[in-house]
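Q: I'll drop the sequence and a predicted model, then ask my questions.
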Amino acid sequence: MRQCIEHLVVTSECAVWVNITFWENVTVKAYANKCWDTFSKRLEREFPGFRFVGIWARQRRGAWHIHGVANQRIPIEWFRPNAGGCGFGPQCYLKEVDHRVESPRKIARYITGYCTD
């Protein structure tokens, strides 16, 4: 997983660090996966060539959220309403990553640190 994240960061013209939470306290991973599948299909349709490597993580209260890296910039004006339409909440984090400044290995280590069952 770390190697996939590092590769995506290094080979992307504009890698973006992504963190998305749900509107509700989603504790059922199957439901979380269904929401992500719907949202990722929208992303792929709207942004040809979209790629993402991510990991599901649990908050202390048991709610699922996702951390990952995308291979291209996604306008927040598009991202928020479309994520919301798929069950995610308005709380999201999108940060462009410059792999010449931020170590791809450090980014991968941070994201994979959230690995859960």
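A: Alright, I've got the coordinates.
Q: what about Arg58, how many neighbours?
A: Residues near Arg58, counting by other Cβ atoms under 10 Å, number 15. C-betas here are computed from N, CA, C, even on glycine.
Q: that one pairs with what?
A: On the basis of DSSP bridges, Arg58 is bridged to Trp64.
Q: Trp78 against Glu46, yeah?
A: Yes: the pair Trp78 / Glu46 is scored as a contact, 6.8 Å apart, by Cβ atoms under 8 Å.
Q: state the mean pLDDT of stretch 65-84.
A: Per-residue pLDDT over stretch 65-84 has a mean of 92.
Q: list the buried residues in that stretch.
A: Using 16 or more other Cβ atoms under 10 Å as the burial criterion, the residues of stretch 65-84 that qualify are 65-72, 74, 79-80, 82-83.
Q: cool, stretch 34-45 as well?
A: Buried residues in stretch 34-45, counted by 16+ other Cβ under 10 Å: Cys35, Trp36, Phe39, Arg42, Leu43.
Q: give me the subset of the residues you listed lying in helices.
A: Secondary structure defined by DSSP state H assigns Cys35, Trp36, Phe39, Arg42, Leu43 of the buried residues of stretch 34-45 to helices.
Q: mind listing the strands for the protein?
A: Ranges of strands in the chain, per DSSP state E, are 15-22, 52-58, 64-70, 88-97.
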